[in-house]
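Colleague: Build me a model from this:
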Amino acid sequence: MAVLTHIREQYHLSLGSYGRPRMTMELKEAGLAVGERRVGRLMRLNGIKPVRTRKHKVTTDSHHRLGVAANWLDGDFVAAAPNQKWAGDITYIWGTVRNFVCGEA
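Modeller: Purely as a prediction, here's the structure:
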């Protein structure tokens, strides 16, 4: 039971952030001969779980004020024949190719 006492102590000292690998490292530094599986099993059986400290990072701005492109296809992506439905503006691509071929900057 000395191992469980040390686990609880290190858990509180780490503010609940130590999981099985770091907990095992701390116990080995304290001079206890333990393995990760034993530490993990003792933590699980006693309800000791690490707390995630990372916060969710928002990467999408759903409330932007930018314009939204018109929906010309309205979800109908099936064409009866080739070259009937296109998506995107290719003028930028052709302008870039022309500048590259002609040497214009």
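Colleague: what does the strand or helix carrying M43 contact?
Modeller: Under the criterion of DSSP states H and E, M43 resides in helix 36-45. Applying CB atoms under 8 Å, 6 or more residues apart in numbering, the external contacts of helix 36-45 come out as V3, L4, I7, Y11, R20, P21, M23, T24, L27, I48, K49. Heads up, the C-betas are built off the backbone N, CA and C, glycines and all.
Colleague: The second one: what secondary structure?
Modeller: At L4 the chain is in helix, as set by DSSP: H, G, I helix; E, B strand; the rest coil.
Colleague: start at 187 instead
Modeller: With 187 as the first residue, the last one maps to L190.
Colleague: so who does it touch?
Modeller: Applying CB under 8 Å, 6+ apart, the residues contacting L190 are L228, N232.
Colleague: so where is the chain shaky, pLDDT-wise?
Modeller: Applying pLDDT under 70 to the chain flags residues 273, 275-291.
Colleague: can you pull out the helices in it?
Modeller: All helices of the chain, identified by DSSP state H, fall at 188-199, 206-215, 222-231, 277-288.
Colleague: gap between the third one and the chain center?
Modeller: Computed by CA atoms, centre = their mean, to the nearest Å, the chain-centroid distance of helix 222-231 equals 27 Å.
Colleague: and what of the second one?
Modeller: Helix 206-215 has its C-alpha centroid displaced from the chain centroid by 26 Å (CA atoms, centre = their mean).
Colleague: For it, which outside residues touch it?
Modeller: 189, 192-193, 196-197, 200, 204, 220-222, 225-226, 229.
Colleague: among these, which two are most distant?
Modeller: Spatially, the most separated pair among the contacts of helix 206-215 is S200 and G221, at 19.4 Å (CB to CB).
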